[in-house]
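K.L.:
Quick one: sequence and predicted model below, then my questions.
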Amino acid sequence: MQISNANGDLSYPATEGGNVTCDSDTIGNIACLIGTIFPKNAKEEFKLSLTPTQKFYESLQIHKAFFDVTVNISTSSENSNSNEDTVQFQIPIHVNGSLTLSKDGSNPGIVQYNSSSYFKSPSVAAHEEELGPEIIHTYKIFNPAKFTIYETQVDIKWPLKIDGKYLFYLLEVTLLPPVKPNCIYSNGEIDEYDLKSKPSQETQHNETIIFNRETVEKVKTGGLQTFLRTAIHGRDIEYMNMKCTFTHFDTQDGVTVKFRSRLVQTTLTELKVGGDLKNVSSTAQLQVLQLPLGAQLPDATKTSVSTDIFYQHETPETEVWYNMNKINIRICDLTCTYNM
């Protein structure tokens, strides 16, 4: 029995059942020897596994939606019917594939703030450090499929403002490797006051304490709106929308999208947020828009990154004692006493 496929798209890895041995050549033709004597009306059943070749995956953009297969049978029997020696048929192709959307934990995972006079609003800050601590949210897109995915859309909602004032002032969005998707921004902009280009200054102050903690978050599913949290009762976070379209994610290709921002501490002070603000999240939704052979599209993938925020009281109600290099520092409501 000879099996051939016109384009060499299929290779032979194995057979199962029956007294059959098969072998294949370098162009995808398969020869099988059926070592069975067939009495009248007898039949031999076996399974022949065929695997798509790399050549097939590389040709998907122009490939037909099926495999063309021809089977030719020859026998030593004098009673063979030459009209039934050859069978041609088609094997439909079903494409199942998607991209993966993952994220890193917020860097840092927890930010503690107070109402220090050091910090400034973006419109008057001399450099970005005067806004507040740096916060980075990172998302990753990867193509685990064996074929190219032609078009993908990523929707990001960034917690830009609250009550019209900047909350997470977005300084830059970087992509690694540096690809150039087609992006549309709405309800905000990146680095409105061009602070990223202004010289940074090394500052020594203790008003802000940042806890570098890796946060482990389970990827959530469901509607995108489930990620958008009301941070403070009666005050909604205003999200900047970013919609980016990527073309041609080749197999095993990926991209990392990093959002670098600063928490604007003056906003929290002016709005007298205090301890009401618990966390702030960005969200991402990925939707594949085009698969090979016009295949059915997978469901959208969704996830979020959350930064926990805590208010540091400047006049704690209880006494706190620290021991640093044998120097006892006492912090109390009105006075501080240093005891050697």
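P.N.:
Alright, I've got the coordinates.
K.L.:
how about the nearest residue to residue 90 once chain neighbours are set aside, what does it touch?
P.N.:
Spatial nearest neighbour of residue 90, excluding adjacent residues (CB to CB, 6 or more residues apart in numbering): residue 66 at 4.2 Å. C-beta here means a position set from N, CA and C on the backbone, and glycine is covered the same way. By CB atoms under 8 Å, 6 or more residues apart in numbering, residue 66 lies in contact with 90, 91, 92, 93.
K.L.:
any idea which helix or strand comes after the lowest-mean-pLDDT helix or strand in the chain?
P.N.:
Using mean pLDDT, DSSP states H and E, strand 209-211 stands out as the lowest-scoring helix or strand of the chain, at a mean of 29. Remark: after strand 209-211, the chain's next helix or strand is strand 237-249, criterion DSSP states H and E.
K.L.:
how about the CA coordinates for that next one, as PDB?
P.N.:
Coordinates of the C-alpha atoms in strand 237-249 are reproduced here as PDB (Å, rounded to 0.1, in the frame of the first residue of the first chain):
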ATOM      1  CA  ILE A 237     -10.100  55.800  39.300                       C
ATOM      2  CA  GLU A 238      -9.900  57.200  35.800                       C
ATOM      3  CA  TYR A 239      -8.300  54.700  33.500                       C
ATOM      4  CA  MET A 240      -6.200  55.600  30.400                       C
ATOM      5  CA  ASN A 241      -7.000  53.200  27.600                       C
ATOM      6  CA  MET A 242      -4.300  51.700  25.300                       C
ATOM      7  CA  LYS A 243      -5.300  49.500  22.400                       C
ATOM      8  CA  CYS A 244      -2.400  48.000  20.500                       C
ATOM      9  CA  THR A 245      -2.500  45.700  17.500                       C
ATOM     10  CA  PHE A 246       0.400  43.300  16.800                       C
ATOM     11  CA  THR A 247       0.900  41.500  13.500                       C
ATOM     12  CA  HIS A 248       2.700  38.200  12.900                       C
ATOM     13  CA  PHE A 249       3.600  36.600  16.200                       C
END
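K.L.:
Okay, now the sheet partners of the helix or strand following it, with direction.
P.N.:
Along the chain past strand 237-249, the next helix or strand (assigned with DSSP H and E) turns out to be strand 254-263. Using DSSP bridges, strand 254-263 pairs in its sheet with strand 134-142 (antiparallel), strand 168-176 (antiparallel).
K.L.:
Quick one: mean pLDDT over the helix or strand just after the first one.
P.N.:
Translated: strand 134-142. Where DSSP H and E defines the elements, the next helix or strand beyond strand 134-142 is strand 149-162. When pLDDT is averaged over strand 149-162, the result is 95.
K.L.:
starting at the chain centroid, how far to strand 149-162?
P.N.:
Here strand 149-162 shows a centroid-to-chain-centroid distance of 11 Å under the convention CA atoms, centre = their mean, to the nearest Å.
K.L.:
can you offset everything so residue one is 4?
P.N.:
All set: I'll call the first residue 4, so the last point we hit is now strand 152-165.
K.L.:
Report all helices and strands that it contacts.
P.N.:
Strand 152-165 sits against strand 137-145, strand 171-179, strand 240-252, strand 257-266, strand 282-293, with contacts defined as 3 or more CB pairs under 8 Å, 6 or more residues apart in numbering; DSSP states H and E.
K.L.:
Now mean pLDDT, distance to residue 158 and mean neighbour count too, for the ones you listed, in CSV please.
P.N.:
Converted to CSV, the helices and strands packed on strand 152-165 look like this (pLDDT from 0 to 100; distance: least, CB to CB, whole Å; neighbours: other CB atoms under 10 Å):
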stretch, mean pLDDT, distance to residue 158, mean neighbour count
strand 137-145, 97, 11, 20
strand 171-179, 95, 14, 18
strand 240-252, 93, 5, 18
strand 257-266, 96, 12, 21
strand 282-293, 96, 5, 20
